[in-house]
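Visitor: dropping the sequence and predicted coords here.
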Amino acid sequence: MFEKILIANRGEIAVRVMRTAKRLGIATVAVYSEADADALHVRAADEAFALGDGPASENYLNVAKIVEAAKRTGAQAVHPGYGFLAENASFSQAVSDAGIAFIGPSAEAITTMGEKVAARAVAVAAEVPLAPGSDGPITSADEVIAFGDVHGYPVLVKAAYGGGGRGMREIRSADEAPEAFAAAVREATAAFGNGQVYCERYLVNARHVEVQVFGDSQGNIVYLGDRDCSVQRRHQKLIEEAPAPGLSDELRAAMGAAAVRLAGHVGYVGAGTVEFLVEDGSFFFLEMNTRIQVEHPVTEAVTGLDLVELQLRVADGAPLGMTQADVRVAGAAIEARINAEDASGGLFRPDPGLVTALEAPAGDGLRWDAGYESGDEVLPLYDSLIGKLIATAPTRAEAIDRLRDGLARLSIEGIATTAPAARHIIGLDAFRTMGINTLWLESDVEFPDFDEEPEDRFEVEVGGRWYRIPYFPEGVVPGPSTAAPATEPAAARAAGPRAAGGRSRKKAGDGTVKAPMQGTIVKVNVAPGDEVATGTVLFVLEAMKMENPIQAQQDGVIAAVHAEVGQSTPSGTLLAEFAKADA
Ligand code: MV4
């Protein structure tokens, strides 16, 4: 076994990997950005290597620097965690080329599965059922319409090099195709540097069920049961559980076998997740994630296995040491992601800051995996996951009760968290009876205000999606979006006519548009000379993986635009200026 490993990640997953390494007597090396110098993952490691200041591209995403860190510290293996470089084929290759073991699959497997059109082709070859879709990439709206004519609507256009719902557009009828197709290509290009898209029939009454697979370098592959992750908001999972409730043994076995066939086709080594949609007793392949996932603890809870230990063993060349017949799933486990977000009113507004106090419940079938302790700061630079609370019990109903009780006893002060929202969700009847699908959370669930904040909220449509967003006192006044009407998702339909454009707030603009919070500009809708109206969405700002529309606070002509896509903006950054009214 390895004597020393480097963990190329931060937060809870880095801490989680170190825990198993420690138990196995393996020394750990943390890497960190300047902002993370005092972070828990650094304190938890035996050794730490500074990657340097600046954006993640300079540190957690810097392949050369991390490989150098591994060489300099004498680490024999690198664990990528999830996110950052976990599904980066060049990173897997660079680590291997340096004579260091990559704790994950080969660059080839990562490349094939990262390319969704190629992954669909592998699924066809492995006889894994897929949602009806285009045979390859599509290059025009006419191809979407031809597809819709044959397979019916709604159709989903998806980014070939994407994932996580970005560059994805719903098309409900032929007349929506031209605009939605163009928008998907545009968004995919901006987000992934490649505008290739394909399309699928949109299965609107499906659950998201994923199968955990594991392969070793001898060619053995098993599946370690399944998980249901249907409770998502804007493609961020909030609640995950194992096993996926309510599936027949036959469906489960067929889906597991299909996942193993798919993994076998790419010679898969390590932990992987095969995502499916399950609708009316049938399953359809979506994509494969070539990493350990955030939600892996629920699988550990019901299988009794340590997936990180298995990752280390197979990366070291050892056989899995088990066959499918050895895998037993017993009991039920459910996980709540605890993010630094205020979910009041269903907004999930990022709320980074200092965690002044943190006390997590323990025992009684509860597990707390976290990247922060009392006194740590959740930085707006990184994603908002603070930790995960996992409850295990003999039955699903008992696991839900345990998690509800545990969430009530989880005490985090200084910042808002999603704990009350998670507690609210799993207490709902529809969740308990599993009368839900992937659209349930966003279309049917109403969230109360979890604190006493004033009701400063309004709805806005951006790029075909409706958002309820907070009123930003600086630089933004709510009003009707002037973006062309686009797909109105179930969330907006369910909300009814509720203020399409929201309550109007009488506040004169001061001629400037500023960033209301620290973030990255992901969309620029205006150019100098454009005439805009109050409420026009001028920019979209991503902060902690959330998209926040920034609207004009006045009518007028834009004189100057100071922001571009990809630019990171501290709070208060001047983004645009209006022409003087008398000019
Ligand atoms: C779908 C789908 C329905 N039909 N594809 C979302 C992200 C990516 N992993 C795949 N996703 C989906 N693909 C077809 N053909 C439903 C989802 C989906 C989803 C869609 C809208 C809102 C929430 C969702 C949650 C999980 C999966």
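Guide: Okay, I see it.

Visitor: please enumerate the helices of the stretch 151-300 of the chain.
Guide: With DSSP state H, counting those that start in this stretch as the criterion, the stretch 151-300 of the chain has helices at 177-192, 249-265, 296-303.

Visitor: any buried residues in the first one, and which?
Guide: Neighbour counts using 16 or more other Cβ atoms under 10 Å place 177, 179-181, 183-185, 187-192 of helix 177-192 among the buried residues. C-betas here are computed from N, CA, C, even on glycine.

Visitor: just the CA coordinates for that helix, please, in CSV.
Guide: As requested, the backbone C-alpha atoms of helix 177-192 are provided in CSV (Å, rounded to 0.1, in the frame of the first residue of the first chain):
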residue,chain,number,x,y,z
ALA,A,177,-36.3,25.3,-31.6
PRO,A,178,-34.3,28.1,-33.3
GLU,A,179,-33.9,30.3,-30.3
ALA,A,180,-33.3,27.4,-27.8
PHE,A,181,-30.8,25.7,-30.0
ALA,A,182,-28.8,28.9,-30.4
ALA,A,183,-28.9,29.6,-26.7
ALA,A,184,-27.7,26.1,-25.9
VAL,A,185,-24.8,26.4,-28.3
ARG,A,186,-23.9,29.8,-26.9
GLU,A,187,-24.0,28.7,-23.3
ALA,A,188,-22.0,25.5,-24.0
THR,A,189,-19.4,27.5,-25.8
ALA,A,190,-19.1,29.9,-22.9
ALA,A,191,-19.1,27.3,-20.2
PHE,A,192,-17.1,24.5,-21.8
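
Visitor: need the buried residues of helix 177-192 in a markdown table with distance to Leu251, can you?
Guide: Below are the buried residues of helix 177-192 laid out as a markdown table (distance: Cβ to Cβ, whole Å):
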| residue | distance to Leu251 |
| --- | --- |
| Ala177 | 34 |
| Glu179 | 38 |
| Ala180 | 32 |
| Phe181 | 34 |
| Ala183 | 35 |
| Ala184 | 31 |
| Val185 | 36 |
| Glu187 | 34 |
| Ala188 | 32 |
| Thr189 | 38 |
| Ala190 | 38 |
| Ala191 | 34 |
| Phe192 | 33 |
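
Visitor: what parts of the protein come near the ligand?
Guide: Of all the residues in the chain, those in contact range of the ligand (Cβ under 6 Å from any ligand atom) are 131, 156, 164-165, 200-203, 206, 208, 232, 235, 275, 277, 286-287, 438-439.

Visitor: show me just the buried residues among those.
Guide: Buried members of these, scored by 16+ other Cβ under 10 Å, are 131, 156, 200-203, 206, 208, 232, 275, 277, 286-287, 438-439.

Visitor: need the max-distance pair from those residues.
Guide: Using Cβ to Cβ, the two most remote members of these are Arg201 and Gln232, lying 19.8 Å apart.

Visitor: now do the strands in the stretch 1-150 of the chain.
Guide: Remark: strands assigned in the stretch 1-150 of the chain by DSSP state E, counting those that start in this stretch are 4-7, 27-33, 47-52, 77-79, 101-102.

Visitor: describe which strands the longest one pairs with in its sheet and in which direction.
Guide: With DSSP bridges as the criterion, the sheet partners recorded for strand 27-33 are strand 4-7 (parallel), strand 47-52 (parallel).

Visitor: most tightly surrounded among those?
Guide: Of all these, strand 4-7 carries the top mean neighbour count, a mean of 25, counting by mean count of other Cβ atoms under 10 Å.

Visitor: contacting residues around it?
Guide: Outside strand 4-7, the residues within contact range by Cβ atoms under 8 Å, 6 or more residues apart in numbering are 14, 17-18, 21, 26-31, 41, 45, 49, 66, 69-70, 73-79, 81, 103, 312.

Visitor: and the residue in the stretch 401-550 of the chain positioned nearest to the ligand, how close does it get to Ile171?
Guide: Proximity of the stretch 401-550 of the chain to the ligand (Cβ to the nearest ligand atom) peaks at Thr438, 3.5 Å away. Distance of Thr438 to Ile171, given as Cβ to Cβ, to the nearest Å: 17 Å.

Visitor: what ranges in this protein fall below the confidence cut-off?
Guide: By pLDDT under 70, the weakly predicted segments of the chain are 452-508, 545-546, 582-583.

Visitor: show me where the stretch 1-150 of the chain has helices.
Guide: Taking DSSP H, counting those that start in this stretch as the test, the helices found in the stretch 1-150 of the chain are 11-23, 40-44, 63-73, 89-97, 107-114, 116-125, 141-151.

Visitor: now for the last one, which elements pack on it?
Guide: Going back to what we said before, that points to helix 141-151. Of the remaining helices and strands, those touching helix 141-151 by 3 or more Cβ pairs under 8 Å, 6 or more residues apart in numbering; DSSP states H and E are strand 155-159, helix 177-192, strand 197-201.

Visitor: give me the contact list for it.
Guide: Outside helix 141-151, the residues within contact range by Cβ under 8 Å, 6+ apart are 132, 134, 138, 155, 157, 171, 173-174, 177-178, 180-182, 199, 201.
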